[in-house]
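Asker: Mind looking at a prediction? Sequence and model below.
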Amino acid sequence: MSQEILIILGSPNSPNGDLGTISISRLNGCLNHYKKNTLILCTGGWGPHFNTSAQSHASIAKNYLINEGIPENAFLECALSSNTVDDAVKIRPIIKNLNHIKLTVITSDYHLERVKLIFNEILKGFTITYLSVESNLPKDSFDAIIEHEKKAIHSIEKNGLYY
C-alpha cells in the first residue's frame with residue numbers, strides 16, 4: 001500500500017502573515033482530502049510577489065492546518081520555495097528517499113495546467129495526482145490570471161523548464 005502525501009502549493013499572504021483567499025481555498029482543499037496517516041508537505045518561502053512577512057508561507061500554512069486539527073506529526077519538512085518550478089525542485093529532496101508514496105498536488109483551478117507541466121517533468125517517476133480547488137476570484141481577476149498562466153505555459157512549451 002502506498003503512503004499519500006498531500007502537497008499544498010503556496011500562494012500569497014499579507015505582509016503581516018494573514019493568508020489570502022487563494023491560500024485558504026488550497027488549505028481547505030487539503031483539509032477536505034486529509035485522512036488519518038496521510039502526510040502533508042507545505043510549500044512557499046518568501047518572495048516579493050507572494051510573501052514579505054517574517055514567517056515562511058509554508059509555516060503559516062502549516063499553522064493554519066494544525067489549528068484546524070491536523071496533528072503536527074502529519075507534516076513533512078516544508079519546501080521553502082519561491083515559485084512553482086522551485087516548489088517541485090525543493091520537494092524532490094524531501095520525498096526522494098520515501099518508499100511507496102503517491103503525491104497529491106493541491107493547487108487552484110487556474111494554475112492546474114501549468115502545475116502538471118512542471119511537476120510531471122521535475123518529479124518524473126513519482127505517482128502524482130492533482131487536486132484543483134476553485135479560486136473564487138472575481139471574473140476580471142480570474143481572466144487576468146488565466147492570461148498570465150497561458151503566457152507562462154507558452155513559455156515552458158517554447159523554451160522548456162530551467163531548474
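Answerer: Ah, there it is. Residues are numbered from 1 along each chain as shown.
Asker: The longest helix along the chain: which residues count as buried?
Answerer: Ranked by residue count and defined by DSSP state H, the top helix of the chain is helix 139-159. By neighbour count on 16 or more other CB atoms under 10 Å, the buried set for helix 139-159 is 145, 149, 152, 156. For every residue, glycine as well, the C-beta is placed using N, CA and C.
Asker: what do you get for stretch 115-122?
Answerer: Neighbour counts using 16+ other CB under 10 Å place 115-119, 122 of stretch 115-122 among the buried residues.
Asker: Quick one: mean pLDDT over that stretch.
Answerer: When pLDDT is averaged along stretch 115-122, the result is 98.
Asker: quick revisit: among the buried residues of stretch 115-122, which lie within helices?
Answerer: Among the buried residues of stretch 115-122, the members found in helices (DSSP H) are 115-119, 122.
Asker: possible to save these as CSV with distance to residue 51?
Answerer: As requested, these are exported to CSV (distance: CB to CB, whole Å):
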residue, distance to residue 51
115, 19
116, 24
117, 24
118, 20
119, 21
122, 22
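Asker: Spell out which helix or strand contains the closest residue to residue 23 other than its chain neighbours, please.
Answerer: Counting by CB to CB, 6 or more residues apart in numbering, residue 23 lies nearest to residue 11, which is 4.7 Å off, once chain neighbours are set aside. Counting by DSSP states H and E, there is no helix or strand that carries residue 11.
Asker: Next up, the contacts around residue 11.
Answerer: Counting by CB atoms under 8 Å, 6 or more residues apart in numbering, residue 11 touches 20, 22-23, 26, 44, 50, 57, 108.
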